[in-house]
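Colleague: Give the three-dimensional model of this entry:
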Amino acid sequence: MDVYGLIGNPVGHSLSPPMHEAGYAALGLDARYVTFEPDADAAVAAIEGGADLGVAGLNVTVPFKRDALRAVDAAPLAERIGAVNTVDYGPMRAGETDRPRGHNTDAAGVTRALAHHDVTVDGREALVVGAGGAGRAAAFALADAGATVHVANRTAERATELAEDVPDATGGGLDDLATRVAAADLLVNATSVGMEAPEETPVPADHLHGDLAVLDAVYAPIETRLLREAAAAGATTVDGAWMLLYQGVEAFEIWTGEDAPVEAMNAALRAELE
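Modeller: Prediction:
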């Protein structure tokens, strides 16, 4: 039996176990998905020692995504983003390397979620609101897919610093948000606004327009105020569960070498969310 899992603290709220186990069941794979919740000072050692425990792959969640870089050989995209959320022990188990391979599948979560909704990225103007971990992944993903990216953040300095790392990106505060949204083809909310307070939104309704595609990284609730008001404006909307799904799908495919059963994984994820 192959053992995969999630390492973070806390992990009790995670939706990854039912999503991944639905994938294993759909393909008839002899595999399980478990969770690990180490203290902060033990996280790197736990990731480094995963292969010795018989683990085939790990997802990494907060607060260990940056720490994981020290425990792996990071793929170029993960190195550029500065965070690892997927660890693959396959090369170690095959004797090809002495360290696990680290990936960032959050970026694929963005582009694959948009592709699922037939949203074109190449050649488009993209606005990412938020310069934290999700914002970094989204900005790199969109830029690498051919979009021109602007990062807007409450603290303008953080947006500017992120933009300096992303090819041909710009960054700034929220003072010109209306102008930025008006010029955008794609809008990604990479903040937590709308999660703890569902009546809040990172972008006022009167900024939104029908030529937008809007991806909200928040998945609880699935329909945020931002998405509801974007739909009312005629925009294409993509809820955060799609991003969560496709980052998991990407990890599943890295670990197993199989095409992930997306419908089965999506059904399990949404059943848990509901």
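
Colleague: Closest to the mean position in this protein, which residue would that be?
Modeller: Nearest to the geometric centre of the chain sits D106, at 2.8 Å (Cα atoms, centre = their mean).

Colleague: wait, doesn't that residue sit right on A139?
Modeller: No: applying Cβ atoms under 8 Å, one finds D106 not in contact with A139, separated by 11.1 Å. Yep, even glycine has a C-beta here, placed from its N, CA and C like the rest.

Colleague: Quick one: neighbours of P38, just the number.
Modeller: When neighbours are defined as other Cβ atoms under 10 Å, P38 has 15 of them.

Colleague: I figured it was touching E48, is that so?
Modeller: No: counting by Cβ under 8 Å, P38 does not reach E48; the two are 11.6 Å apart.

Colleague: Tell me where this structure has strands.
Modeller: With DSSP state E as the definition, the chain shows strands at residue ranges 2-7, 31-36, 55-60, 73-74, 86-88, 101-103, 125-129, 148-152, 170-172, 186-189, 213-216, 236-238.

Colleague: okay if I get those strands as CSV plus mean neighbour count and mean pLDDT?
Modeller: As requested, the strands of the chain are exported to CSV (neighbours: other Cβ atoms under 10 Å; pLDDT from 0 to 100):
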stretch, mean neighbour count, mean pLDDT
strand 2-7, 21, 97
strand 31-36, 18, 97
strand 55-60, 26, 98
strand 73-74, 20, 96
strand 86-88, 27, 98
strand 101-103, 24, 98
strand 125-129, 26, 98
strand 148-152, 25, 98
strand 170-172, 19, 98
strand 186-189, 27, 98
strand 213-216, 27, 98
strand 236-238, 20, 98
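
Colleague: I'd like those laid out as a markdown table, including distance to E258.
Modeller: Conversion of the strands of the chain to a markdown table gives the following (distance: least, Cβ to Cβ, whole Å):
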| stretch | distance to E258 |
| --- | --- |
| strand 2-7 | 12 |
| strand 31-36 | 11 |
| strand 55-60 | 13 |
| strand 73-74 | 23 |
| strand 86-88 | 14 |
| strand 101-103 | 16 |
| strand 125-129 | 31 |
| strand 148-152 | 32 |
| strand 170-172 | 39 |
| strand 186-189 | 29 |
| strand 213-216 | 26 |
| strand 236-238 | 25 |
